[in-house]
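Asker: whatever this is, show me its structure:
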Amino acid sequence: MTGAEFEDFLKSIGGLVDGRSPDKKAIFVNICQCNDGWLELIKDLILELIAAGWNREIRQIKEKFGGLSFYANGIPDEDFHIVRKYTMKSYATCEVCGSMDNVTLRGKGWVKTLCDKHN
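Answerer: Below you'll find the predicted structure:
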């Protein structure tokens, strides 16, 4: 999934709600601080959370220590397992291309989850 396709997805669901802003504006672009390889994972995570009743209030989506970090408001305690599931999937998915073949944590200092092609 490309960044443009992800933005189209966000538009199709009415965007996410900026949980850091007092006026709670809708966000459609530049929400993810990671490469495109994880956008499909993030899309699936968002859809699963919405189906569970999440209010779409996001604080931040980024890569941290080689894994997906998803910070949001309004997720009931019983639904945090959904976020954990996709965080674990991110450790087996190349952040650059989305491949799940020969993916490992790589790097010294800034750790990334990459396949052999993007090592």
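
Asker: got a pLDDT number for the nearest residue to F65 once chain neighbours are set aside?
Answerer: Once flanking residues are discounted, F65 sits nearest to V111: 5.6 Å by C-beta to C-beta, 6 or more residues apart in numbering. Where C-beta positions appear, they are placed from N, C-alpha and C, glycine not excepted. Note on V111: pLDDT of 90.

Asker: select the longest helix from this structure.
Answerer: helix 39-51 (DSSP state H).

Asker: following element in sequence after it, please.
Answerer: Next helix or strand after helix 39-51 toward the C-terminus (DSSP states H and E): strand 57-64.

Asker: give the pairing partners of whatever helix or strand comes next after that next one; include direction for each.
Answerer: Counting by DSSP H and E, the next helix or strand C-terminal to strand 57-64 is strand 67-72. With DSSP bridges as the test, strand 67-72 is paired with strand 57-64 (antiparallel).

Asker: and the partner strand with helix 39-51, angle?
Answerer: Between strand 57-64 and helix 39-51, the angle comes out at 150 degrees (axes from the mean of the first three to the mean of the last three C-alpha atoms, to 10 degrees).

Asker: now the nearest residue to V96 once chain neighbours are set aside: phi and psi?
Answerer: Distances taken as C-beta to C-beta, 6+ apart place H118 nearest to V96, at 4.3 Å, with adjacent residues excluded. Main-chain dihedrals, H118, degrees, to the nearest 10: phi -110, psi 20.
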